[in-house]
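Asks: Prediction below, plus the sequence it came from.
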Amino acid sequence: MPKFAADKSLCNISLRNACLGIAIFCLVILVLGVVMILVRGGWHFTYTLIVEIMLLISTLVLLFGALLSNAWLVLVWLVVAVLFLICWLIQFFGVIFNYGDFRATASFDNVYINIFEDILVLVILCYFAYLVYSYFHQLRNKQSATSHDV
């Protein structure tokens, strides 16, 4: 395994179980996010709906990838995580410099709390991506290992 990939996650949990936990956590967050959007009434149909559907599909693919131990299904979640990081950068600077109506649609009225929330989301996502990437490498190494039959 490469130097930058882990063998286990926190508390000595296997990477497969960590990916299952990440998928379940993301599904719960998606449901709560949709409920909060509906409660606040800030549903910008096209952008939010497309993002929610994309996150739902990628999270379900991660869930089935971890259940079936399929590396390519796990890789789909990593691609969506990279897209999320690009969108995160646009949203982060949108909150700071007040363009694209990002500050008006942010969770809090205070800019500093929004920046703190964005940085916290980035740290959590990067850790999740690290674990999923490590699991992807673990699966790829298992698939590429040759069997030594006697």
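Replies: Perfect, I can see it now.

Asks: what separates D101 from M54, distance-wise?
Replies: 21 Å (C-beta to C-beta, to the nearest Å). (Each C-beta comes from the backbone N, C-alpha and C, glycine too.)

Asks: Can you list the low-confidence ranges for the chain?
Replies: Scanning the chain for pLDDT under 70 picks out 1-5, 41-48, 145-150.

Asks: can you map out the helices along it?
Replies: With DSSP state H as the criterion, the chain has helices at 15-40, 45-68, 71-97, 111-144.

Asks: hang on, the earlier thing: D101 and M54: which has the busier surroundings?
Replies: The neighbour count for D101 versus M54, taken as other C-beta atoms under 10 Å, is higher for M54 (13 against 10).

Asks: Contacts only, for the more buried one.
Replies: The contact partners of M54, taken as C-beta atoms under 8 Å, 6 or more residues apart in numbering, are V80, L83.

Asks: For it, give its distance to V80.
Replies: Distance from M54 to V80, by C-beta to C-beta: 6 Å.

Asks: what's the burial count for the closest residue to F92 other than its chain neighbours?
Replies: Ranked by C-beta to C-beta, 6 or more residues apart in numbering and with sequence neighbours excluded, the top spatial neighbour of F92 is D118, at 5.0 Å. By other C-beta under 10 Å, 21 other residues sit near D118.

Asks: D118 contacts V95, doesn't it?
Replies: Yes. At 6.7 Å, D118 counts as touching V95 under the criterion of C-beta atoms under 8 Å.

Asks: To what extent is the closest residue to Q91 other than its chain neighbours buried, counted in neighbours?
Replies: The shortest distance from Q91 to any non-neighbouring residue, by C-beta to C-beta, 6+ apart, is to F102 (5.6 Å). By other C-beta under 10 Å, 18 other residues sit near F102.

Asks: How about L122?
Replies: If you count neighbours by other C-beta under 10 Å, L122 ends up with 15.

Asks: Spit out the contact partners of the closest residue to V80 other than its chain neighbours.
Replies: For V80, ignoring the flanking residues on the chain, the nearest one in space by C-beta to C-beta, 6+ apart is S58 at 3.8 Å. Going by C-beta under 8 Å, 6+ apart, S58 touches V76, W77, V79, V80.

Asks: Ok, L63 next?
Replies: By C-beta under 8 Å, 6+ apart, the contact list for L63 reads L20, A23, I24, L27.

Asks: I am finished for the moment; much appreciated.
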